[in-house]
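K.L.:
pasting the structure only:
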Ligand code: SAM
């Protein structure tokens with residue numbers, strides 16, 4: 001099946017691209033319970049439960065054993081990915097950055113669980129159906145943000161800088177930006193525009209973290225689609241009707257890392273293999289194409 005994506009499509013956390021945020025939170029809930037405990041996201045499980053996709057709730061709560069459905073690599077991958085961005089933000093705030101923008105925040109709970117220095121402002125940007133749901137669900141859980149959290153409900157293919165400014169964003173201040181698990185859900189030109197805009201809005205000393213995926217070699221994308229289809233099929237058998245291969249944009253695009261370097265960012269990158277080894281976790285399973293070439297990149301503008 002081809003992509004079902006189109007300009008201006010919308011979603012909530014139970015449908016389409018939004019459900020990928022719920023799946024990511026379910027992976028964090030599983031990862032938070034699994035040894036060694038590299039991460040502890042206490043909000044992941046209740047947020048997944050609040051969304052109400054039965055299979056993801058059963059996985060997040062542990063009622064359904066994840067072993068068959070979510071491989072070890074995916075759970076360890078969620079651990080190192082969460083730690084990468086947590087460590088990025090903590091280092092940025094230690095360096096004095098007090099303005100944070102989490103692009104495509106999904107069910108990320110960093111604004112409620114990281115020890116932000118007082119005075120830190122954290123903007124969370126995602127589609128209205130996503131960001132508004134999370135605000136309500138966490139308030140219902142009695143959770144309090146650990147920073148001055150500002151929800152920005154906007155599509156990242158639209159004029160999101162205007163929405164960010166309206167929420168109080170100050171482009172004169174250095175900013176720590178993250179785009180976690182986002183870029184593959186944007187069309188190639190929207191990815192470039194997003195990275196251009198991030199750069200344009202970045203005062204000296206700003207930092208960025210995201211994922212950079214190498215362009216596919218012949219046959220790679222067919223194998224990735226087949227792997228996504230197998231996962232979707234297993235999930236459908238368990239009652240969660242999803243077709244993950246149709247949610248992503250495939251094909252050539254600029255690689256985020258080199259593209260950002262060309263815009264003046266000084267980046268370092270770590271592969272999933274590097275991060276697993278750094279945390280003493282076993283190596284990636286060879287056939288996990290979706291993670292094999294992925295680089296987590298972060299760095300500073302200029303320098
Ligand atoms: N960063 C979160 C995490 O790692 O848990 C969520 C990642 S989830 C795989 C992808 C997220 O990107 C979803 O929350 C989705 O709503 C958001 N997203 C994708 N395209 C978007 C767009 N055009 N505008 C706003 N948000 C978008």
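P.N.:
The structure has been received and is ready for your questions. For clarity, every value in this text was computed on a predicted model and none was experimentally measured.

K.L.:
Not counting its neighbours along the chain, what's nearest residue 149?
P.N.:
residue 111 (4.2 Å; C-beta to C-beta, 6 or more residues apart in numbering). Placement of C-beta: from N, CA and C, glycine included.

K.L.:
Assign that neighbour to helix, strand or coil.
P.N.:
helix (DSSP: H, G, I helix; E, B strand; the rest coil).

K.L.:
number of nearby residues for it?
P.N.:
25 (other C-beta atoms under 10 Å).

K.L.:
okay but it is in contact with residue 102, surely?
P.N.:
Yes. Between residue 111 and residue 102 there is a contact under C-beta atoms under 8 Å: 7.3 Å.

K.L.:
Need the overlap of contacts for these two.
P.N.:
Counting by C-beta atoms under 8 Å, 6 or more residues apart in numbering, the shared contacts of residue 111 and residue 102 are 122, 124.

K.L.:
pLDDT on the helix or strand hosting residue 149, on average?
P.N.:
Using DSSP states H and E, residue 149 sits in strand 148-153. The average pLDDT within strand 148-153 is 98.

K.L.:
Check whichever residue of the chain sits closest to the ligand and give its pLDDT.
P.N.:
Proximity to the ligand, evaluated over the chain using C-beta to the nearest ligand atom, is greatest for residue 106 at 2.5 Å. With respect to pLDDT, residue 106 scores 97.

K.L.:
Number of residues surrounding residue 215?
P.N.:
Residue 215: 12 neighbours (other C-beta under 10 Å).

K.L.:
make that residue 251, sorry
P.N.:
11.

K.L.:
What residues does the closest residue to residue 165 other than its chain neighbours make contact with?
P.N.:
With C-beta to C-beta, 6+ apart as the criterion, residue 165 has its nearest non-adjacent residue at 7.8 Å, and that residue is residue 171. Neighbour list for residue 171: 165, 201, 202, 203 [criterion: C-beta under 8 Å, 6+ apart].
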